[in-house]
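Student: sequence unknown, structure follows:
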């Protein structure tokens, strides 16, 4: 009997915890390469197309097939390992006991299959959005994916005979086709998110998901400073107070006091900063540094926090010399802003999955979860091979 996803607590959305799930091929290689078990049966790449297209769930009335879910099992494993380490290994997402009760009336295996179906639903909604935005993967994209897969194959087969297929089977991929499909889904998702972030009219639908991130901006500080340092080692590392002699410390303090006197006499802070600061990072941060709690030495953070915007401190002693700080408005990092907007779009799509009508069909119980599942459950059944 079909069952609506919203009726179960166990398959509630993981919310923002899912935002990390934009994998790279390097991550896939790393996870698979270290999850190889030396005594696991090989997986057969041959497929029954009819079995692949068998419907195991629906999202808003749209079919979710065996192929959709099987390509999402690895993603589901990684998500659940992050959220439920008491059930799943953080290393490869396998479970010690797939028949253990995950929630009342729900086994770990059942919860994993349902999460994989939700991940497949997410990918279907992304594909719908891609079609609306007229975004499609190119021949070059497909070629790049093929290269990633073959690169993984070469690395893993080089470590162990038939290592590629063994590693895929361990975590629930039935073969290279499932891995390639997952990579295509992720590449399409990246292109859709990028297109939305670049279009203010499109992004307006997702702005509400930035509220939490914007609240965190209140913790950011901005500061320009003039550093009178104690010198540097041959490799460029600053000399710290416990490494400097008394003469060097006194000279640094005297320079800072002289600069402070000129500021108090009305000279321009920035002019003196560019002329006298020994900060090696000044050239790359002429407008000042933007930082959060515990990102700077305590003396610098506390000295900045004690100032009003535009106010200039006195001479502040720190482990690597003396600072004169002017507090400024924190500057938004363009890359961080893009990342934050991208996360807002991702959270928006996750909310769409939450709001979607997802129905699990009995056939979902037949989805293969990998050789690790087979071994731990003493089963040789593999309906999907």
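Tutor: Sure, I can see it. Keep in mind that what you see is a predicted model, and the values were worked out from it rather than measured.

Student: how far away is the residue of the chain most remote from its centre from residue 129?
Tutor: No residue in the chain sits farther from the centre than residue 265, which is 49.8 Å out by Cα atoms, centre = their mean. Taking Cβ to Cβ, to the nearest Å as the measure, residue 265 falls 61 Å from residue 129. Placement of C-beta: from N, CA and C, glycine included.

Student: same question, residue 172
Tutor: Between residue 172 and residue 129 the computed distance is 26 Å (Cβ to Cβ).

Student: same thing with residue 358?
Tutor: Residue 358 sits 17 Å away from residue 129 when distances are taken as Cβ to Cβ.

Student: circling back to that earlier point, looking at residue 172 and residue 129, which is more packed in?
Tutor: More neighbours surround residue 172 than the other of residue 172 and residue 129, with 29 against 20 (other Cβ atoms under 10 Å).

Student: The residue lying closest to residue 109 once chain neighbours are set aside: what secondary structure?
Tutor: Counting by Cβ to Cβ, 6 or more residues apart in numbering, residue 109 lies nearest to residue 98, which is 3.9 Å off, once chain neighbours are set aside. What DSSP: H, G, I helix; E, B strand; the rest coil gives for residue 98 is coil.

Student: Looks like residue 98 contacts residue 106 (just checking).
Tutor: No. Using Cβ atoms under 8 Å, residue 98 and residue 106 do not qualify as a contacting pair, with a distance of 11.7 Å.

Student: Going by residue numbers, what spans are strands in the stretch 1-150 of the chain?
Tutor: Residue ranges of the strands in the stretch 1-150 of the chain, as given by DSSP state E, counting those that start in this stretch, are 3-4, 55-59, 62-65, 101-103, 106-107.

Student: deepest of those, which one?
Tutor: Most buried of the strands of the stretch 1-150 of the chain by mean neighbour count (mean count of other Cβ atoms under 10 Å) is strand 55-59; its value is a mean of 22.

Student: List the contacts of it.
Tutor: Judged by Cβ atoms under 8 Å, 6 or more residues apart in numbering, the contacts made with strand 55-59 from elsewhere in the structure are 63-66, 69, 117, 120-121, 124-125, 353, 356-361, 363-364, 366-367.

Student: Mind doing that once more with 10 Å?
Tutor: Surrounding strand 55-59, the residues in contact under the criterion Cβ atoms under 10 Å, 6 or more residues apart in numbering are 2-3, 5, 62-70, 113-114, 116-118, 120-125, 128, 352-353, 356-367.

Student: Generate a PyMOL selection restricted to the buried subset of those.
Tutor: The buried subset of the contacts of strand 55-59, as determined by 16 or more other Cβ atoms under 10 Å, is captured in PyMOL by this line:
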select buried, resi 3+5+62+64+65+66+67+68+69+70+113+114+116+117+118+120+121+122+123+124+125+352+353+356+358+359+360+361+364+367
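
Student: which ones among the contacts of strand 55-59 are found in helices?
Tutor: Assigned to helices by DSSP state H, the following of these qualify: 66-70, 113-114, 116-118, 120-125, 128, 352-353.

Student: Can you show me the helices along the stretch 151-300 of the chain?
Tutor: Counting by DSSP state H, counting those that start in this stretch, the stretch 151-300 of the chain forms helices over residues 163-171, 176-197, 200-203, 211-216, 246-264, 269-276, 298-305, given from the N-terminal end onward.

Student: following the last one, which helix or strand comes up?
Tutor: Yep, that's helix 298-305 we're talking about. Proceeding C-terminally, helix 298-305 gives way to strand 312-318 as the next helix or strand, assigned by DSSP states H and E.

Student: Counting by contacts, list what the helix or strand just after that following strand packs against.
Tutor: Where DSSP H and E defines the elements, the next helix or strand beyond strand 312-318 is strand 321-328. Packed against strand 321-328, as judged by 3 or more Cβ pairs under 10 Å, 6 or more residues apart in numbering; DSSP states H and E, are the following elements: strand 221-229, helix 246-264, helix 269-276, strand 289-291, helix 298-305, strand 312-318.

Student: Could you tell me the least trusted of those?
Tutor: The weakest mean pLDDT among the helices and strands packed on strand 321-328 belongs to strand 289-291, with a mean of 89.

Student: List the strands paired with it, with their directions.
Tutor: Using DSSP bridges, strand 289-291 pairs in its sheet with strand 221-229 (antiparallel).

Student: Mind listing what's buried along the strand it pairs with?
Tutor: With the criterion 16+ other Cβ under 10 Å, strand 221-229 contains buried residues 221-229.

Student: Now do that strand and helix 298-305, the angle between them.
Tutor: Following axes from the mean of the first three to the mean of the last three Cα atoms, to 10 degrees, one obtains 130 degrees for the angle between strand 221-229 and helix 298-305.

Student: what about strand 221-229, distance to the chain center?
Tutor: Its chain's C-alpha centre and that of strand 221-229 lie 32 Å apart, by Cα atoms, centre = their mean, to the nearest Å.

Student: same deal with stretch 102-117?
Tutor: 24 Å.

Student: Over to stretch 344-364?
Tutor: Here the centre of mass of C-alpha atoms in stretch 344-364, compared against the chain's by Cα atoms, centre = their mean, lies 20 Å away.

Student: For this structure, which residues score under the pLDDT cut-off?
Tutor: Applying pLDDT under 70 to the chain flags residues 1-50, 211-218, 333, 372, 374-385.

Student: could you redo the last one with a cut-off of 80?
Tutor: Counting by pLDDT under 80, the chain has low-confidence residues at 1-51, 90-92, 210-219, 235-236, 332-337, 372-385.

Student: Please parse it into its domains.
Tutor: Per automatic domain parsing, the structural domains of the chain span 3-213+339-376, 221-328.
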